[in-house]
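**Student:** Got a sequence here, can you model it:
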Amino acid sequence: MIIPMSHQKLSLNEKNILNIISKEHLISIQIFNRIESISLILQVFSILEDLSSKGYITSYVKNDVRYHFVS
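**Tutor:** Got it, this is the predicted structure:
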């Protein structure tokens, strides 16, 4: 995936998460299943919150499940 210039200031982990959810709306467990780095798995919720606060991703709840996607 090519990272747009506006995303260049993101950390490598943030870029990895964006890459994972750029293809489809995913729930957290689906994101975990696509992550290859154990250290990144431990940071997923924090990174999702950071990306959301920066306006890169949006989340919604459907049938009591939270989905995340690139805004």
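
**Student:** Can you get me a residue count around F45?
**Tutor:** 11 (other CB atoms under 10 Å). Placement of C-beta: from N, CA and C, glycine included.

**Student:** ok, R66 to I31 distance?
**Tutor:** 11 Å (CB to CB, to the nearest Å).

**Student:** which one of the two has more residues nearby?
**Tutor:** I31 (19 against 12).

**Student:** Need the outlier residue of the protein, farthest from its centre.
**Tutor:** N63 (20.3 Å; CA atoms, centre = their mean).

**Student:** what residue lies at the spatial centre of the chain?
**Tutor:** Central residue of the chain (CA atoms, centre = their mean): I17, at 3.7 Å.

**Student:** if I pick that residue, what's in contact with it?
**Tutor:** Residues in contact with I17 (CB atoms under 8 Å, 6 or more residues apart in numbering) are I31, L40, V44, I47, L48, L51, I57.

**Student:** one more time with 6 Å, if that's ok
**Tutor:** I47 (CB atoms under 6 Å, 6 or more residues apart in numbering).

**Student:** hang on, it in a helix?
**Tutor:** Yes. Per DSSP: H, G, I helix; E, B strand; the rest coil, I17 lies within a helix segment.

**Student:** Would you enumerate the residues in contact with the residue farthest from the centre of the chain?
**Tutor:** No contacts exist for N63 under CB under 6 Å, 6+ apart.

**Student:** mind checking how far the worst-scoring helix or strand of the chain on mean pLDDT is from the chain centre?
**Tutor:** Among the helical and strand segments of the chain, the one scoring lowest on mean pLDDT, DSSP states H and E is helix 38-41, with a mean of 77. Remark: helix 38-41 is offset 13 Å from the chain centroid, using CA atoms, centre = their mean, to the nearest Å.
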